[in-house]
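J.: Turn this into a model:
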Amino acid sequence: MQEKIKANAELVIQQLAPLCGINFGYNRDSIAWLDRYIEQQRTRSDLQPEDIMGLVQVFGSFLGECITRCFGGQWFEQEGEWAVCFDAENMAFPFNKVRKQFQNGKEDSIFYFFETIPLVFSRALERQKSMASMKTEEKLETFIRQAEEAYDRIYEEWSRSDRAAVYNECKENMAEAIRLAHDMGWKEKVAELEKRLQHIKAVFRNQMNF
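T.: This is a model prediction of the structure:
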């Protein structure tokens, strides 16, 4: 799905760049232009519901890719909808925001949504900056620690959605640790972490019905 999202975002650039007269791409000005374009489209009498659904998919992909490239975060599926995840508790839902602007107009502006990302998710973004300044070994240990802390919270969460969030936080942090260990050429560490990740998955699958 992430490949399709990225392909949709590139399609938006290809289709709209010749129309707008600006350097259309993954930047603030392009979101502002797209915001106005959505307002033009939503008032068209010939636009059918299925057409709007298609535009939500491609524009939402572009909006989300702009967020990841300008502010950070990663694509993540949360309860059937794709979001940009900054951490387990901080997510932005670009498809939902595009859908709401088509429904409600400027009161659900995607440009305002984009502009407020640094404010709304300030703490999560600061943590990302802190991680970026660490040495690789420190990042590795941080990802492992965060994965284990999430794993320890398994039994503290009662709802399925909260458990899913904890599971994904744990899994993503461990996957990042494995990636870093692989990049460092630490084969034994990679094997150790992969074994741990499989154990974590088995626990969630067998005890939490995932």
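
J.: For whichever helix or strand Val203 is part of, buried residues please.
T.: Per DSSP states H and E: Val203 is located in helix 187-207. Within helix 187-207, the residues that count as buried by 16 or more other CB atoms under 10 Å are 189-190, 193-194, 196-197, 200, 204. Yep, even glycine has a C-beta here, placed from its N, CA and C like the rest.

J.: The helix or strand hosting Asp51: what's the following helix or strand?
T.: Assigned by DSSP H and E, Asp51 falls within helix 49-71. Sequence-wise, the next helix or strand downstream of helix 49-71 (DSSP H and E) is strand 74-78.

J.: Compute the inter-axis angle for that following strand and helix 49-71.
T.: Angle of strand 74-78 versus helix 49-71, following axes from the mean of the first three to the mean of the last three CA atoms, to 10 degrees, is 140 degrees.

J.: partners of strand 74-78 in the sheet?
T.: Strand pairing for strand 74-78, determined by DSSP bridges: strand 81-87 (antiparallel).

J.: Would you indicate which residues of the partner strand are buried?
T.: Buried residues in strand 81-87, counted by 16+ other CB under 10 Å: 82-87.

J.: distance of Lys187 from Arg160?
T.: 37 Å (CB to CB, to the nearest Å).

J.: Report the beta-bridge partners for the residue nearest the centre of the chain.
T.: The residue lying closest to the centre of the chain (CA atoms, centre = their mean) is Val84, at 1.8 Å. As for beta bridges, Val84 partners with Trp75, Ala92 under DSSP bridges.

J.: Begin at 603, not 1, for the rest of this chat.
T.: That works, and once the first residue is 603, the last one we named lands at Val686.

J.: which ones are touching it?
T.: 666, 669-670, 675-678, 693-696 (CB atoms under 8 Å, 6 or more residues apart in numbering).

J.: which among these gets closest to Arg630?
T.: Closest to Arg630 out of these is Ile669 (11.0 Å), distances taken as CB to CB.

J.: is it true that that closest one touches Phe695?
T.: No. At 10.3 Å, Ile669 does not count as touching Phe695 under the criterion of CB atoms under 8 Å.

J.: So between these two, which is more surrounded?
T.: More crowded of Ile669 and Phe695, by other CB atoms under 10 Å: Ile669, with 23 against 18.

J.: Redo the contacts of Val686 as CSV? Include pLDDT and distance to Asn625.
T.: Output for the contacts of Val686, formatted as CSV (pLDDT from 0 to 100; distance: CB to CB, whole Å):
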residue, pLDDT, distance to Asn625
Gly666, 95, 20
Ile669, 93, 18
Thr670, 91, 19
Gly675, 81, 23
Gln676, 83, 25
Trp677, 88, 24
Phe678, 83, 29
Met693, 83, 29
Ala694, 85, 24
Phe695, 92, 27
Pro696, 94, 21
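
J.: For the buried ones among these, write the corresponding PyMOL selection.
T.: Applying 16+ other CB under 10 Å to the contacts of Val686 leaves a buried subset, and the PyMOL line that selects it is:
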select buried, resi 666+669+670+675+677+678+693+694+695+696
